[in-house]
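1. Generate coordinates for the sequence data below:
(4 chains)
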Number of protein chains: 2
Amino acid sequence: MTKNSQRLPSMPAGLKALAEQLGLSQSTVSRALREHPGIPDKTRRRVMAAAEKVGYQPNARARGLAIGRTEAIGLVFPIERLQLEETNFVDVLAGISDVVTRRNHSLLMSPFTGDEGTVLRKLASSKAVDGVIITRPLVQDPRIALLTDLGLPFVVHGRSEVAIPYSFVDIDNEAIFERLTGLLLDYGHRRIVALNSFLQFRYAAARAEGFYKAWAARGLDPAPAQMLETPMTERAGYDCATRALAGPDAPTAFVCGSIFLARGVYRAVAERGLKVGRDVSVACHDDGLRGIRASEFNPPLTATYSPVREHGEHLAALLIDLTEAKAGAPHRILPADLILRESVGLAPSAAAHTGLNE
Amino acid sequence: MTKNSQRLPSMPAGLKALAEQLGLSQSTVSRALREHPGIPDKTRRRVMAAAEKVGYQPNARARGLAIGRTEAIGLVFPIERLQLEETNFVDVLAGISDVVTRRNHSLLMSPFTGDEGTVLRKLASSKAVDGVIITRPLVQDPRIALLTDLGLPFVVHGRSEVAIPYSFVDIDNEAIFERLTGLLLDYGHRRIVALNSFLQFRYAAARAEGFYKAWAARGLDPAPAQMLETPMTERAGYDCATRALAGPDAPTAFVCGSIFLARGVYRAVAERGLKVGRDVSVACHDDGLRGIRASEFNPPLTATYSPVREHGEHLAALLIDLTEAKAGAPHRILPADLILRESVGLAPSAAAHTGLNE
DNA sequence: TTTGTTTATGCAAGCGCTTGCATAATATGA
DNA sequence: TCATATTATGCAAGCGCTTGCATAAACAAA
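-> Numbering: from 1, shown residues only, chains lettered A, B, ... in the order given. This next block holds a predicted model:
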């Protein structure tokens, strides 16, 4: 009877057992473990020591049921995001994981195929998580209204143009593209091609705005400029650049929405026997992905820098705060510094263009 | 009173409400939804229709508490696996996600820093998941005994040499390396360098065995051969190959444990002005990672092929089966076909070596 | 009609925890 | 010493579901 604890460290070991063993009630033990006030230090310490000793862990299901929270958050994403070869998703995930772990929460992955609304509804009504992170918002994203209606706390990676207040983590995409484009303009480039994602996504739309704003700010007509909507892949960058460089009035510069695109552009430029930074300039936004460093491009790539891993950290932190405090709709707009490297140079025959565009 | 349902689709909508609305008891509704026998078809259909209509989803916490399962599985991994730039982890994860979703389960990510045992114990006693997937087992892996003791169902990606029965998904690493090595030997190579992972990992140990077995099977002495333990990165492949090629008795062939290593070897070979497939042969094991195709190497890479994405699918399927049936310890050893491409050629001056080694 | 079966449904306990309220024990002030 | 404030602890309800057992209703057989 006394020696039955030596064998398996895995006996039931619930609150009840622990309480009995201590000669206390479940309530007292529970409160002691949660450090509720009113439990004398001495008792608390005794309880905690015993809990530690038997490795007591509250049953998450029961606790969740009782307190009405799970201390878990969900990450909802189309399953392809994990399968794509070129995606920043994994980096965001790494950041999220990190914080979730640090804050003693769990991360429930909710990959889906088909309709995201269904998944969100299910997540909300099954109460499996306290909140969710959603990604890649559209300019008008219906998920925001849905989640608000459902009463499921959420934070968005990126923004949308909806009127409802909500939490998000984002960068200033408009300013970023304005900055990159402005840089090229100031170096005398006028025939600039912007490689952007699809305009239905708010970040792409914002970047488009920024792109045009840079011209307007200088009193220039962006007429000869082109803005292309394309997937953010090396392949797409290569194809677009190849096509653009082959045409009449070949561009002297590219602004890229992702480092993969920039890679493709580099390849196209090289293949044409040209040199990045001399014949063709390239400026890019850099998500700071694992293992792809703008500084190691040849030549090193001029880019605005904002590592999405940190976006992930903020997303998780914000969401957990939200589920704990039920307060407002905090958001965070992260900075993105422009780092000048060698991929941007003066426009060839810049003089011919300066001042007069066409 | 009658028009209060039009506003928010998010009213409580628990079992109780549903039952009241139907004029039935919770028990009947519950059983109808779970398709228990004894509920007449007519009732069942009526209940299901109503549930569908109000979008009823059982509260996962409550259900979990009641049935003693969560219908969620955990994936336990050191957080770095997500941060590494060269890792097959994401591909495995994609496979797992896929099946977990298809089988209506949830995936709880359990990244950790520090001691894995602690995480597993916690997961087990908090009952947050019905089972876990663990990865990268050591030759002697303590986690297997621990999990068995804890009574937490699990499946291992890979195998270990422990005596306890357990479930796993693996490939025949020994056979794979024997095959790759044998191929090179049969092409007349004798100065072969094997780039392997660290031997504490069972898969690496098995590959080492296979490597030596190939020599033994042909009555050859592997004396001039080298087997290197190294991280599975492009960089490491490059460094090892560069060093090896620079030395006296430079190898004429490499066997690589990962496609990243092979990449590095290609780079080193090219840098030395040599040509893969003619001056130096390379054979590899290919995990079928997203976006890295052995067939697109230049020259195309000869490799044994077993996509880890499918490993992931099997891992999840096996684990879910296990948690549902509590049956034995099923395992799956997946095939890996050898695909011949141009990276392996006859050994230069093969004649000089054939038959007599060193 | 009465009894025995079968079928349809409901009662209530229980899953393991939290927490409002009550009580018992102890300390404080008169 | 007694009333009163102050701890320290426990009781029991409840979180939303499942499920063994009981009951009621319907039907079949006698």
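
2. Close to DNA strand C: what parts of chain A are there?
-> A:12, A:14-16, A:26-27, A:30-31, A:33-34, A:36, A:58-59, A:62-63, A:65-67 (Cβ under 7 Å from any atom of the strand). Every residue, glycine included, has its C-beta placed from N, CA and C.

3. Ramachandran coordinates for A:Ala206?
-> When read as degrees, to the nearest 10, the backbone of A:Ala206 gives phi -60, psi -40.

4. Where is the longest helix in chain A?
-> Criterion DSSP state H: the longest helix present in chain A is helix A:308-325.

5. Buried residues, that one. List them.
-> By neighbour count on 16 or more other Cβ atoms under 10 Å in any protein chain shown, the buried set for helix A:308-325 is A:308-323.

6. Now flag whichever of those is closest to chain B.
-> A:Arg309 (7.9 Å; Cβ to the nearest Cβ).

7. Does anything pack onto the longest helix of chain A? Which helices or strands?
-> strand A:72-78, helix A:89-102, strand A:131-135, strand A:154-157, strand A:167-171, strand A:331-334 (3 or more Cβ pairs under 8 Å, 6 or more residues apart in numbering or on different chains; DSSP states H and E).

8. Make TSV out of these and add mean pLDDT.
-> Formatted as TSV, those follow (pLDDT from 0 to 100):
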stretch	mean pLDDT
strand A:72-78	95
helix A:89-102	94
strand A:131-135	97
strand A:154-157	97
strand A:167-171	97
strand A:331-334	96
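
9. okay if I get those as JSON lines plus mean neighbour count?
-> Conversion of the helices and strands packed on helix A:308-325 to JSON lines gives the following (neighbours: other Cβ atoms under 10 Å in any protein chain shown):
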{"stretch": "strand A:72-78", "mean neighbour count": "23"}
{"stretch": "helix A:89-102", "mean neighbour count": "23"}
{"stretch": "strand A:131-135", "mean neighbour count": "24"}
{"stretch": "strand A:154-157", "mean neighbour count": "26"}
{"stretch": "strand A:167-171", "mean neighbour count": "23"}
{"stretch": "strand A:331-334", "mean neighbour count": "15"}
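
10. Adding distance to B:Ser167, write the ones you listed out as JSON lines.
-> Shown next, in JSON lines, are those (distance: least, Cβ to Cβ, whole Å):
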{"stretch": "strand A:72-78", "distance to B:Ser167": "26"}
{"stretch": "helix A:89-102", "distance to B:Ser167": "25"}
{"stretch": "strand A:131-135", "distance to B:Ser167": "31"}
{"stretch": "strand A:154-157", "distance to B:Ser167": "36"}
{"stretch": "strand A:167-171", "distance to B:Ser167": "39"}
{"stretch": "strand A:331-334", "distance to B:Ser167": "43"}
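
11. For the stretch 251-358 of chain A, which residues are neighbours of chain B?
-> A:Arg290, A:Gly291, A:Ile292, A:Arg309 (Cβ under 8 Å from any Cβ of the partner chain).

12. Drop anything exposed from the residues you listed.
-> A:Arg290, A:Ile292, A:Arg309.

13. Pick the one among those closest to DNA strand D.
-> The closest of these to DNA strand D turns out to be A:Arg309 (Cβ to the nearest atom of the strand; 36.6 Å).

14. before we move on, the earlier item: please list which of the residues of chain A next to DNA strand C are also close to DNA strand D.
-> Contacts with DNA strand D are made by A:Gln26, A:Ser27, A:Arg31, A:Ala62, A:Leu65, A:Ala66 out of these, judged by Cβ under 7 Å from any atom of the strand.

15. mind listing what A:Ile133 touches?
-> A:Ile73, A:Gly74, A:Leu75, A:Val76, A:Ile96, A:Phe154, A:Val155, A:Val156, A:His157, A:Leu315, A:Ala316, A:Leu319 (Cβ atoms under 8 Å, 6 or more residues apart in numbering or on different chains).
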